[in-house]
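# sharing a model prediction with you, sequence too.
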Amino acid sequence: MNLLHMRYALEIAKTNSINKAAETLYVGQSTLSRAIKELETSLGVVLFERSAKGMDLTPDGEIFVGYAKTVLNQVDDIKQLFSDGSVSKKRFSISVPRASYISDAFTHFTMLLGKDDAVELFYKETNSMQAIKSILDEDYRLGIIRYAKSYDKYYKTMLEEKGLNYELVAEFRYLLVMSENSPLAALDSITYDDLSDYIEIAHADPSVPSIPLAQVKKEELPDNTNRRIFVFERGSQFDLLTQNPETFMWVSPIPKAFLDRSGLVQRLCAENKREYKDMLIHRKDYTLTDLDNWFIEELVKTKREVIDVTQDGETLL
């Protein structure tokens, strides 16, 4: 099977058009058409059907594209691995939600590296949809996705369809985090009504694939405040929380050492019953490396210390 023809097919599937694929690949349209016909003949199936919208994948085509991505990613890995004639550096890459307990685990993981270890580490914070895309399209090895427990069936079905393994990391309910100087921190208990006069800080990109954003926001962000700031970068979120006592944020449990350093406190809201899951994902054909296993061990330790424990007499789960 011709690997170049596979790349052609992936580009046509991506652009939904032979014309656009030809422009991107700098290849003549006739060459592309001939290559796809040869590929279909060698496989004995039809990969594309022409429609008013362009070139649509057939059911066989969708299966082919899934396998082709895996094959070509592995080919690219081999080329990159031996580009200098030998393997010089180990690589670790992961896409994760914006979560302090995960970043804390990553920090402890980096401390396990020896001075003589030649490694490259990639740590990207993003939403669940982009974490999945990072593994499928951007050659990230691991991912952690977060979703409301009510979407469990939806996500697991999607992960199976995309050829991804998944394993539960943690289940939890969101807590409130705020400045230790916030009037909210002085309350014996916090209700939704108590939050109405304060400013909520929220992640700017909550996203559940194929589900309308308005519905996601309605379910993910309780409508209990008239003022809300959407921020993409986690460091800026904590700067706001630390310096503006009128702000608060819904978060997964945060390590106590981080709260103490930042002058923050986290509190339960008894009315909040929403449950969330963090799931570790990777390709089904991917074998975990030593670096991956080291990180996972630190992640489990941190999860036990932060999420599975009781602080100040209140259960965090």
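Thanks, I have the structure now. Numbers count the residues shown, from 1 in each chain.

# buried residues, stretch 19-31. List them.
21-22, 25, 27 (16 or more other CB atoms under 10 Å). In short, each C-beta sits where N, CA and C put it, glycine included.

# no, scratch that, I was asking about stretch 100-116
Using 16+ other CB under 10 Å as the test for burial, stretch 100-116 gives 100-106, 109.

# how far does it sit from the chain's center?
Distance of stretch 100-116 from the chain centroid (CA atoms, centre = their mean, to the nearest Å) equals 19 Å.

# now it: average pLDDT?
On average, the pLDDT along stretch 100-116 is 93.

# contacts for it, please.
With CB atoms under 8 Å, 6 or more residues apart in numbering as the test, stretch 100-116 has contacts from 94, 96, 119, 121, 123, 125, 144, 170, 234, 251-255, 258, 278, 294-295, 298-299, 301-303, 306-307.

# check stretch 34-42 too.
Applying CB under 8 Å, 6+ apart, the contact partners of stretch 34-42 are 1-2, 4-6, 8-9, 12, 18, 46-48.

# if we go to 7 Å?
By CB atoms under 7 Å, 6 or more residues apart in numbering, the residues outside stretch 34-42 that reach it are 1, 5, 8-9, 12, 46-48.

# which of these has the most neighbours?
The most crowded member of the contacts of stretch 34-42, judged by other CB atoms under 10 Å, is residue 12 (28 neighbours).

# tell me who's in contact with that one.
By CB under 7 Å, 6+ apart, residue 12 lies in contact with 18, 21, 32, 36, 48, 55.

# model confidence at the fifth one, what's the number?
At residue 48 the predicted local confidence, pLDDT, stands at 91.

# for it, what are phi and psi?
Phi and psi for residue 48, reported as degrees, to the nearest 10, are phi -130, psi 150.

# from what I can see it touches residue 54, true?
No. Counting by CB atoms under 7 Å, residue 48 does not reach residue 54; the two are 9.2 Å apart.

# strands along the stretch 1-150 of the chain, start to end?
Here the stretch 1-150 of the chain has its strands, by DSSP state E, counting those that start in this stretch, at 48-51, 54-57, 90-96, 119-125, 142-148.

# okay, angle between the next helix-or-strand element following the last one and strand 142-148 too, please.
By that I understand strand 142-148. Downstream of strand 142-148, the first helix or strand assigned by DSSP states H and E is helix 152-161. Interaxial angle, helix 152-161 versus strand 142-148 (axes from the mean of the first three to the mean of the last three CA atoms, to 10 degrees): 150 degrees.

# quick check: next helix or strand after helix 152-161?
That would be, after helix 152-161 and using DSSP H and E, strand 164-173.

# kindly format the C-alpha coordinates of the helix or strand just after that next one as CSV.
The first helix or strand that comes after strand 164-173 along the chain, using DSSP H and E, is strand 175-179. Provided in CSV are the C-alpha atoms of strand 175-179 (Å, rounded to 0.1, in the frame of the first residue of the first chain):
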residue,chain,number,x,y,z
LEU,A,175,-15.5,23.3,45.2
LEU,A,176,-15.5,27.1,45.5
VAL,A,177,-12.1,28.9,45.7
MET,A,178,-11.7,32.5,46.7
SER,A,179,-9.3,34.9,48.5
